[in-house]
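K.L.:
okay, sequence plus prediction incoming.
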Amino acid sequence: MSAVLDTHGQHDEHAHHPSGIMRWVTTTNHKDIGTMYLWFSFTMFIVGGIMALVIRTELFAPGMQIVDPDRFNAMTTYHGLIMVFGAIMPAFVGFANWLIPMQIGAPDMAFPRMNNLSFWLLPPAALLLIAAQFVPGGGAGVGWTMYAPLTVQAPMSMDLTIFAVHILGMSSIMGSINIITTIFNMRAPGMGMMRIPLFCWTWVITAFLLIAVMPVLAGAVTMTLTDRHFGTAFFNAAGGGDPVLYQHIFWFFGHPEVYIIAIPAFGVISQIIPAFSRKPLFGYTSMVYATASIAVLSFLVWAHHMYTVGMPVEAQLYFMYATVLIAVPTGVKVFNWVATIWRGSLTFETPMLFALGFLFLFTMGGFTGLVLSIVPIDVQLHDTYYVVAHFHYVMVAGALFSAFGGIYFWLPKWTGRMYNETLGKWHFWLSFIFFNVTFFVQHFLGLAGMPRRIPDYSLQFAEFNVISSIGAWGFGLAQILFLYIVVSTIRSGKPAEQRQWEGADSLEWTHLPSPPPYHSFETPPVLR
């Protein structure tokens, strides 16, 4: 323990304290690293968001407006890659770095220097993804899924993209090893695994998912690389390969990836809802098992992304039933959140608004996922805007809204200052309304048959595209307000109270046994 403290210069009188930029480059402090993850994530969110606005501006009217088709395809590719790997995943790793040591009573993460390295791998990878659009030949317009055989013929930018994916994977695996080791080995005395906050549980499960599936993605893109430059034919039908093999490998990574994004969001929501309901989380044990069930099932349903490749009917039937089965543990989680809210002493500060927004929108995204799990329906809706609407309801509403809620919830704890509650509520309502304006109408576009990833479209789709593009600009501009709120809080916010959220500790129900005792809903728990 003293060695860890010495590294941070807390006991050693002669320890050197770097300042300025070197403080951030060399830091091994979990809070500093968590902060860097969160700022990096927001930067990438803005970069990916600008690409989304270019896409939506192009689609504002039929015909070609501002970019050529190749640039449009490249934008759709890098928007997806940057949002998934650069914005959403680092945001939740930032939460993990900040909160896990504090929630389990550890002095820091288990491997502080590896923690530093796992962050500093991200900026070069992000620069590669951005630079890939400006090399000779233009960006690789292959979609974020990087399907073969498009990737085999793509320009040089594909090589930069593959390199970036490898670096991002290394960062994720190192971060996951760190999180698992920290939670398993550094809990406070007497804190068993069934007594840790649910946020820690969601990250243990997510970290195991990452370690299991990131090497699969690395294998897929490495095989693509050898097809491009070393004469192999894994995915090249002309050489005896199979393009569908790539889809199987990619989605064996890709479907657990959806839950790598969603499960930490579940953890954040499971901290916010009890705090503003003034009640312990309902069904702690069932939440842990439901989360683990979702993780296991996520490995068994990958080919529901591939109903149209010509797989046997028996395989379609299996993947359909397995996909429907995932709705069961997800339904358990939603029920437990609603049961936590039920007859609680509710207040509706900004974090709670984002949590409730998450609950409504994520559930809706789950229902459209169930629709798409049905084979004959999916065959009709495959690669239409219905799919785009579905996964944005899951990813934007699921991951982004919970991340916003988490930042508002823990910002007083992190900075010692309180954000402007009125502006926070404005941010929520603008984001919630414009999100729905953007993506709800895309369900109708998909049902009408508009394909995704096209820069031009027939006149019949014009009205809904106008509405969607207006919503996208509104949603994008609302995030400038979020940036203003965070910066003004850090610079000049009012001092936060010792326990900012009345009656609810901002980290965990430390004043109650954990997991919380049986609660009949008839008598509220004693808070003080």
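P.N.:
That came through, no problem.
K.L.:
and Gly398, how many neighbours?
P.N.:
Each residue near Gly398 was counted by other Cβ atoms under 10 Å, and the total is 26. Every C-beta, even on glycine, is put in place using the N, C-alpha and C of the backbone.
K.L.:
who touches the residue nearest to it when sequence neighbours are not counted in this structure?
P.N.:
Nearest residue to Gly398 in three dimensions, chain neighbours excluded: Phe362, at 4.5 Å (Cβ to Cβ, 6 or more residues apart in numbering). Contacts for Phe362 (Cβ atoms under 8 Å, 6 or more residues apart in numbering) come out as Ala262, Ala265, Tyr393, Val394, Ala397, Gly398, Phe401.
K.L.:
contacts only, for the third one.
P.N.:
Taking Cβ under 8 Å, 6+ apart, we find Tyr393 in contact with Leu361, Phe362, Met364, Gly365, Thr368, Phe439.
K.L.:
next: the second one.
P.N.:
Under the criterion of Cβ under 8 Å, 6+ apart, the contact partners of Ala265 comprise Phe92, Phe358, Phe362, Gly398, Ala399, Ser402, Ala403.
K.L.:
farthest pair in the residues you listed?
P.N.:
Farthest-apart pair in the contacts of Ala265 is Phe92 and Phe362; separation 14.9 Å (Cβ to Cβ).
K.L.:
ok, for Val396, nearest residue in space, not its chain neighbours?
P.N.:
Phe435 (6.4 Å).
K.L.:
got phi/psi on the one you found?
P.N.:
Dihedral pair for Phe435: phi -60, psi -50, per degrees, to the nearest 10.
K.L.:
that one against Ala397, yeah?
P.N.:
Yes: here Phe435 reaches Ala397: they are 6.6 Å apart, a contact under Cβ atoms under 8 Å.
K.L.:
the two: who's more crowded?
P.N.:
Between Phe435 and Ala397, Ala397 has the larger neighbour count (other Cβ under 10 Å), namely 26 against 23.
K.L.:
returning to what we had before: give me the buried subset of the contacts of Ala265.
P.N.:
Among the contacts of Ala265, the ones that count as buried by 16 or more other Cβ atoms under 10 Å are Phe92, Phe358, Phe362, Gly398, Ala399, Ser402, Ala403.
K.L.:
thinking again about what came up before, which neighbours do Phe435 and Ala397 share?
P.N.:
Leu361.
K.L.:
from the contacts of Phe362, which land in strands?
P.N.:
Among the contacts of Phe362, DSSP state E puts none in strands.
K.L.:
which of the residues you listed fall in helices?
P.N.:
Ala262, Ala265, Tyr393, Val394, Phe401 (DSSP state H).
K.L.:
contacting residues around the first one?
P.N.:
The neighbours of Ala262, taking Cβ under 8 Å, 6+ apart as the test, are Phe362, Val394, Met395, Gly398, Ala399.
K.L.:
picking that back up, so for the residue nearest to Val396, what's the pLDDT?
P.N.:
pLDDT for Phe435: 97.
K.L.:
in terms of pLDDT, where does the nearest residue to Ala61 once chain neighbours are set aside sit?
P.N.:
Residue nearest to Ala61 in three dimensions, not counting chain neighbours: Ala462, with 6.6 Å by Cβ to Cβ, 6+ apart. We have a pLDDT of 95 for Ala462.
K.L.:
could we number from 592 for the rest of this?
P.N.:
Sure, I'll start numbering at 592, so the last one becomes Ala1053.
K.L.:
work out for me the element Ala1053 sits within.
P.N.:
When elements are defined using DSSP states H and E, Ala1053 is found to belong to helix 1053-1083.
K.L.:
next secondary structure after that helix?
P.N.:
Taking DSSP H and E, what comes next after helix 1053-1083 is strand 1085-1086.
K.L.:
neighbouring strands of that following strand in the sheet, and parallel or not?
P.N.:
strand 1008-1009 (antiparallel) (DSSP bridges).
K.L.:
could you report the neighbour count for the closest residue to Phe1023 other than its chain neighbours?
P.N.:
Of all residues not flanking Phe1023 in the chain, Gly948 sits nearest, at 5.0 Å (Cβ to Cβ, 6+ apart). Gly948: 21 surrounding residues under other Cβ under 10 Å.
K.L.:
one step back: how about the helix holding Ala1053: buried residues?
P.N.:
1055-1056, 1058-1060, 1062-1067, 1069-1070, 1073, 1076-1077, 1080.
K.L.:
which strands or helices does it pack on?
P.N.:
With contacts taken as 3 or more Cβ pairs under 8 Å, 6 or more residues apart in numbering; DSSP states H and E, helix 1053-1083 sits against helix 621-649, helix 992-1006, strand 1008-1009, helix 1012-1038.
K.L.:
hmm, 6 Å instead?
P.N.:
Helices and strands touching helix 1053-1083, by 3 or more Cβ pairs under 6 Å, 6 or more residues apart in numbering; DSSP states H and E, are helix 621-649, helix 1012-1038.
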